[in-house]
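Novice: Structure, please.
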Amino acid sequence: MTERNAAAARPATEAARSERLRELLTALGREGVPLRDDSSLCRCFVEGTLSPPMGADEVARTCALHRFLYECTDYEARCRLNLPVMAASLAPSLGSWAAAWCYVKANEAPAIKAAALAAAGGIPDTWPWLSHHRKWQRRESGEGGD
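Specialist: Predicted structure coming up:
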């Protein structure tokens with residue numbers, strides 16, 4: 001690509017990035033979660049580098065699910081207790097702690113996630129932080145409610 005072509009492509013890339021960011025912020029707002037600086041999923045969505053590609057709604061739903069896991073279940077405690085033990089037992093056969101840690105994060109963490117969700121009664125139809133906000137809005141508007 002020539003320098004001129006690269007310069008011409010930059011504004012389109014910036015425009016596309018800005019549009020993806022706008023879409024993501026809107027979707028995150030519907031889910032009641034902020035854009036986190038440490039979210040590689042969000043960063044890759046905005047950059048257009050997710051593989052396989054995901055839509056803004058799917059990314060936002062995933063972010064909300066992680067908020068639910070960390071704030072409303074014992075997922076973090078389960079991970080803290082189980083993942084290091086699993087990694088330590090696998091490290092000799094996988095050659096290193098780093099390789100074992102990558103393995104358990106990819107292959108064991110999903111089972112821990114499923115167990116934490118099951119113990120919490122599954123994924124709620126409405127996130128707890130949204131249902132509280134909606135109840136507050138109804139009270140403030142005089143509609144009553146709980």
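
Novice: Spatially nearest residue to the residue nearest the centre of the chain, not counting backbone neighbours?
Specialist: Taking C-alpha atoms, centre = their mean, the centroid of the chain lies closest to residue 63, which sits 2.8 Å from it. In space, residue 63 comes closest to residue 33 once its chain neighbours are excluded; the distance is 4.9 Å by C-beta to C-beta, 6 or more residues apart in numbering. C-beta here means a position set from N, CA and C on the backbone, and glycine is covered the same way.

Novice: residues near the one you found, how many?
Specialist: Residues lying near residue 33 (other C-beta atoms under 10 Å) number 23.

Novice: repeat for residue 109
Specialist: Neighbours of residue 109 using other C-beta under 10 Å come to 16.

Novice: How about residue 75?
Specialist: Quick note: residue 75 (other C-beta under 10 Å) scores 22 neighbours.

Novice: Contact partners for it?
Specialist: 69, 112, 113, 116, 117 (C-beta atoms under 8 Å, 6 or more residues apart in numbering).

Novice: quick one: which of those sit in helices?
Specialist: Mapping those onto helices (DSSP state H) picks out 69, 112, 113, 116, 117.

Novice: Wait, the third one touches residue 70, no?
Specialist: Same thing as residue 113. No: with contact defined as C-beta atoms under 8 Å, residue 113 does not reach residue 70; the gap is 10.8 Å.

Novice: how about stretch 77-92: buried residues?
Specialist: 78, 79, 82, 83, 86, 87, 90, 91 (16 or more other C-beta atoms under 10 Å).

Novice: how far away is the closest residue to residue 30 other than its chain neighbours from residue 126?
Specialist: Counting by C-beta to C-beta, 6+ apart, residue 60 is the residue found nearest to residue 30 once chain neighbours are left out, at 6.8 Å. Separation of residue 60 from residue 126 (C-beta to C-beta, to the nearest Å): 15 Å.

Novice: cool, and residue 35?
Specialist: From residue 35 to residue 126 the distance is 21 Å (C-beta to C-beta).

Novice: So for residue 12, what's the pLDDT?
Specialist: pLDDT recorded at residue 12 is 62.
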